[in-house]
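Participant: Structure of the sequence below:
(one chain, ligands or ions: 1)
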Amino acid sequence: MKVKVDGEERDVLAVWRERGVVKMVDQRKLPHSFEIIDLNDHKETAWAIKVMVTRGAGSIGCAAGFGMAQAALEAADLPDEEFMAYLNEAADTLRDTRPTAANLFKAVDKCLKASEWGKVSVKVEGILREAEYILKDDIKATEAIAKAGAKLIKDGFKILTHCNAGALAYIGMGTALAPIRQAHREGMDVFVWVNETRPRGQGARITAWELEQEGIPYALIADNAAGYFMQRGEVDMVIVGADRIAANGDTANKIGTYEKAVGAFENKIPFWVAAPGMTIDLQTKTGGDIEIEERDPREVTEMWGLNEEGEPTTIRVAAEGTNARNPAFDVTPAKFINGFITEHGLVERPFIEAFYWLFGQPGLPPSFKYAGT
Ligand code: MRU
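Facilitator: Numbers count the residues shown, from 1 in each chain. Predicted structure coming up:
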């Protein structure tokens, strides 16, 4: 993505690799400062995923792939058996960071698959190549999502989005923001309602910043204001991203997505999910099988931003000792979703058949009977 930093235009990715070093835009500091952080080994990369230096399903998938590449380089001089043991341990370390986004697990598995053949040096090459493919495929997928999704948008549309599913969350054009970017580039008049997305404020801090960078008109709203604008007829459609989509179309996305979907349903507003095959998990039958990350309750009892030195800091909002819960995602049942915007175009009902047709591997039939969504 192109960003303006101190008046200078730069072309950056949310995550990339330069030899043994993984580089990330430090999303904890946006929008107040734009900094790139270096992660020198796979353990540092795993840490960066866990504490959300980088975030968003696609970006953490790429980061996990690059973490595997780092592990392969770290163990490149070991004999085969020890190399594989090191790699499997690194895979577990990376998988243990965040449980919900499908991309992270798929990226680790793809890299492990690339290590199945040849001597160690061949395996290392295979893993490095695979990690780069994941990034390149993601970029291509977001471009296809942009084109497919823009067809749903009409001139003058006001679109509501939740959290950040832009280029920082999914490298390339993003997922939910990709069709909006495309429509804007095609000259359409589009406007975006940006939910702030408590507790970590990805909407306020990152989506608003991305839209500002690209000159796309938007307004930031409190999370609980979305229903108000829907009821008043000021939302023409909702587009959100996804962290994991079950085979039946139930979709895990940032906490608060479910209630936006219910509000859209009640107000007869089309609700679309933009996500590529990497986020669709055919092994997970329904939303009930998706593991939902529960994060530190202090993210709820506190607010955070930057202190005067420009370092991330928090202030306590609730009384000390307040009991709180902090699920990071929720599941929107497929019945509230009009369709999916994927790299293969728009997917409408019945979702399960379409998903197997477009994303299923040969020889992997549905292991359960389709009961409708
Ligand atoms: O907790 P995060 O910030 O990693 O959550 C990811 C998200 O931003 C979203 O839920 C998003 O819509 C999907 S990521 C393309």
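Participant: use CA for all of it now, contacts and neighbours both
Facilitator: Noted.
Participant: What segments of the protein are helices?
Facilitator: For the chain, the helices defined by DSSP state H occupy 42-50, 57-74, 80-95, 102-113, 120-150, 177-185, 202, 208-214, 226-231, 257-266, 298-301, 351-359.
Participant: Nearest to residue 342, out of these?
Facilitator: The closest of the helices of the chain to residue 342 is helix 120-150. By C-alpha to C-alpha, the value is 5.3 Å.
Participant: so for the closest one, what's the average pLDDT?
Facilitator: Helix 120-150 carries an average pLDDT of 98.
Participant: what about that helix, near the ligand?
Facilitator: No - with C-alpha under 6 Å from any ligand atom as the criterion, the ligand is not reached by helix 120-150; the gap is at least 10.1 Å.
Participant: Could you shift the numbering so residue one becomes 4, and keep it that way?
Facilitator: All right, first residue 4 from here; so that's helix 123-153.
Participant: what's the angle from that helix to helix 180-188?
Facilitator: Per axes from the mean of the first three to the mean of the last three C-alpha atoms, to 10 degrees, the angle that helix 123-153 makes with helix 180-188 is 50 degrees.
Participant: domain ranges for this protein?
Facilitator: Using automatic domain parsing, the domain parsing of the chain gives 5-145, 155-375.
Participant: For the stretch 204-353 of the chain, which residues score under the pLDDT cut-off?
Facilitator: Judged against pLDDT under 70, the stretch 204-353 of the chain has no low-scoring part.
Participant: Near the ligand, which residues of it are found?
Facilitator: Near the ligand, when you scan the stretch 204-353 of the chain using C-alpha under 6 Å from any ligand atom, you find 243, 244, 245, 246, 256, 257.
Participant: what's the burial count for the first one?
Facilitator: Neighbouring residues of residue 243 were enumerated by other C-alpha atoms under 10 Å; the total is 27.
Participant: Over to the second one?
Facilitator: When neighbours are defined as other C-alpha under 10 Å, residue 244 has 32 of them.
Participant: got the contact list for it?
Facilitator: Applying C-alpha atoms under 8 Å, 6 or more residues apart in numbering to residue 244 gives the contacts 167, 168, 178, 179, 256, 276, 277, 278.
Participant: do that again at 6 Å, thanks
Facilitator: 168, 178, 179, 276, 277, 278 (C-alpha atoms under 6 Å, 6 or more residues apart in numbering).
Participant: Which members of those residues are the farthest-apart pair?
Facilitator: 168 and 276 (10.4 Å).
Participant: between these two, who's got more neighbours?
Facilitator: Between residue 168 and residue 276, counting by other C-alpha under 10 Å, residue 168 is the more crowded of the two (33 against 25).
Participant: got the residues of the stretch 54-203 of the chain near the ligand?
Facilitator: So the stretch 54-203 of the chain meets the ligand at 58, 59, 60, 61, 166, 167, 168, 172, 173, 178 (C-alpha under 6 Å from any ligand atom).
Participant: hang on, the earlier thing: mind giving me TSV with the helices of the chain and columns for distance to residue 14 and mean neighbour count?
Facilitator: Shown next, in TSV, are the helices of the chain (distance: least, C-alpha to C-alpha, whole Å; neighbours: other C-alpha atoms under 10 Å):
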stretch	distance to residue 14	mean neighbour count
helix 45-53	22	21
helix 60-77	16	30
helix 83-98	27	18
helix 105-116	24	23
helix 123-153	14	21
helix 180-188	16	24
helix 205	21	26
helix 211-217	12	18
helix 229-234	33	17
helix 260-269	30	20
helix 301-304	31	20
helix 354-362	31	18
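Participant: Against the ligand, how distant is residue 126?
Facilitator: Residue 126 sits 30 Å away from the ligand, taking C-alpha to the nearest ligand atom, to the nearest Å as the criterion.
Participant: Assess the claim that that residue and residue 119 are in contact.
Facilitator: No - using C-alpha atoms under 6 Å, residue 126 is not in contact with residue 119; the gap is 7.2 Å.
Participant: So residue 220 versus residue 183, what's the distance?
Facilitator: Distance, residue 220 to residue 183, using C-alpha to C-alpha, to the nearest Å: 11 Å.
Participant: no, scratch that, I was asking about residue 323
Facilitator: 42 Å.
Participant: Same check on residue 134?
Facilitator: From residue 134 over to residue 183 (counting by C-alpha to C-alpha), the distance is 28 Å.
Participant: likewise residue 13?
Facilitator: Residue 13 is 21 Å from residue 183, by C-alpha to C-alpha.
Participant: Quick check on residue 172: phi, psi?
Facilitator: phi -90, psi -30 (degrees, to the nearest 10).
Participant: pretty sure it is touching residue 63, no?
Facilitator: No - in this structure, residue 172 is not within contact of residue 63 by C-alpha under 6 Å, at 8.0 Å.
Participant: Identify the residue nearest the residue sitting furthest away from the middle of the chain in space, chain neighbours excluded?
Facilitator: Most distant from the centre of the chain: residue 82, at 36.2 Å, with distances by C-alpha atoms, centre = their mean. Spatial nearest neighbour of residue 82, excluding adjacent residues (C-alpha to C-alpha, 6 or more residues apart in numbering): residue 123 at 7.3 Å.
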